[in-house]
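Q: Structure of the sequence below:
(2 chains)
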Amino acid sequence: MWPHTLKVDSVQLEFGDRKILQDVYLDCKQGEIIGLLGRNGCGKSSLLKIIFGTLNPSYKYVSINDQFIHSGFQNCRIAYLPQDNYLPQGMRVDQLAPMVVADIHWEQFSAQPAYLDHHKKQTDQLSGGELRQLEMLMILYSRAEFILLDEPFTHISPVQSDGFKLLLREIAKTKGIILTDHQYDNIMDVSDRLILIENGCTRHIKHADELVRYGYLSGN
Amino acid sequence: MNRLVTLTFQYYRLLLFNNLLFSIMCGALIHLGLKGSVIFTFSFAKLIGFVSAVAYHYYMYNKSFYYYRNAGMSIRKLYAYSVLIDLTVYIIFITCFIFLSHVAAYIKS
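A: Numbers count the residues shown, from 1 in each chain, chains lettered A, B, ... in the order given. Model prediction:
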């Protein structure tokens, strides 16, 4: 039954007395890109980790096609690009990539210049930007039906960002993508829908002016 | 299945250096301090060495666990299979050691 729908509802997350997330609802269908915006510390990364299943909140409801899923990473249904580099050090790219990249996407993945140029190198021989590109590509070409990207535009140049946005649109034809980044112009360019996290709640943004009203943009 | 085996060996390989280092260090300390039986020293050092290597790796490189999770592997399984590999290697090693000790004793006598 295509497209599958990922739903996230009633997430409650506190750190001590501080409530981070309390009234969260979002959904994402395969074929669409959701941009997640919010100020520093508002809980964007935490929300992605909760969906992926590596952070346990007080309460959450995450489902795919209305079937509750405890951890998104089980059965590779959801893939997650964390903010920091995640590939183990001291191992070659061509040993690591086949473990994450789906067999059906291998041909497209292995034709990417970032892979062709660096596949024989160890991860600690790559620059921050090269490593980030490879990590991103591995997640995009993974077996997952839904992709979560935490700050994918950080550490990559504007030219690479443009290429990456095209690739995101291509991948989104078959997968659902939720991404967050402080480079909001890139997020607005590539997203079909925008969601702002403000005071622990999700606001579904219909028009860019609302970002000013909610205090995310200055309006100047 | 193939992925599971490859991922477990990849993880075990990353632990190997620290595992050996911590095991040798611990073994040397026990041997100097307790002067106990060789098998007990080996076994205890092995246990401490493996646990220390896992703890060190988790502390230093905890972000790399997203690699295994994105590959569909749970961390519990990763630990469990690594312990199995480590135990197998240890049993082979200790069996060879005991066998060679007996051979050496026999040749001496």
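
Q: ok, longest strand in chain A?
A: Secondary structure of chain A per DSSP state E: the longest strand is strand A:5-15.

Q: So for that strand, mean pLDDT?
A: When pLDDT is averaged along strand A:5-15, the result is 94.

Q: residues in contact with stretch B:57-66?
A: Among residues not part of stretch B:57-66, those counted as contacts by CB atoms under 8 Å, 6 or more residues apart in numbering or on different chains are A:54, A:80, A:82, A:84-89, B:14-15, B:18, B:75. For the C-beta atoms, the positions are set from N, CA and C on the backbone; glycine is no exception.

Q: so how far is that stretch off the chain centroid?
A: 18 Å (CA atoms, centre = their mean, to the nearest Å).

Q: List the buried residues in it.
A: B:57, B:61, B:64-66 (16 or more other CB atoms under 10 Å in any protein chain shown).

Q: Among the residues you listed, which one sits closest to A:Leu13?
A: Proximity of those to A:Leu13 (CB to CB) peaks at B:Tyr66, which lies at 19.3 Å.

Q: distance of the closest one from A:Ile205?
A: Going from B:Tyr66 to A:Ile205 by CB to CB, to the nearest Å gives 29 Å.

Q: before we move on, what about B:Leu14?
A: Counting by CB to CB, the gap from B:Leu14 to A:Ile205 is 43 Å.

Q: what does A:His105 give?
A: In this structure, A:His105 and A:Ile205 are separated by 31 Å, where distance is defined by CB to CB.

Q: More neighbours: which of these two?
A: Set side by side, A:His105 and A:Ile205 show more neighbours around A:Ile205, with 20 against 17, by other CB atoms under 10 Å in any protein chain shown.

Q: Residues of chain B that sit close to chain A?
A: Taking CB under 8 Å from any CB of the partner chain as the test, the list of chain B residues beside chain A reads B:3, B:6-7, B:10-11, B:13-14, B:61, B:63-67, B:69-72, B:74.

Q: From the residues you listed, list the buried ones, please.
A: In the residues of chain B next to chain A, burial by neighbour count holds for B:7, B:10-11, B:14, B:61, B:64-67, B:69-72, counting by 16+ other CB under 10 Å.

Q: Rebuild these as JSON lines, extending it with distance to B:His31, secondary structure and pLDDT.
A: Written out in JSON lines, the entries for those read as follows (distance: CB to CB, whole Å; DSSP: H, G, I helix; E, B strand; the rest coil; pLDDT from 0 to 100):
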{"residue": "B:Leu7", "distance to B:His31": "35", "secondary structure": "helix", "pLDDT": "90"}
{"residue": "B:Gln10", "distance to B:His31": "32", "secondary structure": "helix", "pLDDT": "89"}
{"residue": "B:Tyr11", "distance to B:His31": "29", "secondary structure": "helix", "pLDDT": "88"}
{"residue": "B:Leu14", "distance to B:His31": "27", "secondary structure": "helix", "pLDDT": "85"}
{"residue": "B:Tyr61", "distance to B:His31": "30", "secondary structure": "coil", "pLDDT": "72"}
{"residue": "B:Ser64", "distance to B:His31": "34", "secondary structure": "helix", "pLDDT": "86"}
{"residue": "B:Phe65", "distance to B:His31": "34", "secondary structure": "helix", "pLDDT": "88"}
{"residue": "B:Tyr66", "distance to B:His31": "39", "secondary structure": "helix", "pLDDT": "94"}
{"residue": "B:Tyr67", "distance to B:His31": "37", "secondary structure": "helix", "pLDDT": "94"}
{"residue": "B:Arg69", "distance to B:His31": "39", "secondary structure": "helix", "pLDDT": "93"}
{"residue": "B:Asn70", "distance to B:His31": "42", "secondary structure": "helix", "pLDDT": "95"}
{"residue": "B:Ala71", "distance to B:His31": "40", "secondary structure": "coil", "pLDDT": "93"}
{"residue": "B:Gly72", "distance to B:His31": "42", "secondary structure": "coil", "pLDDT": "88"}
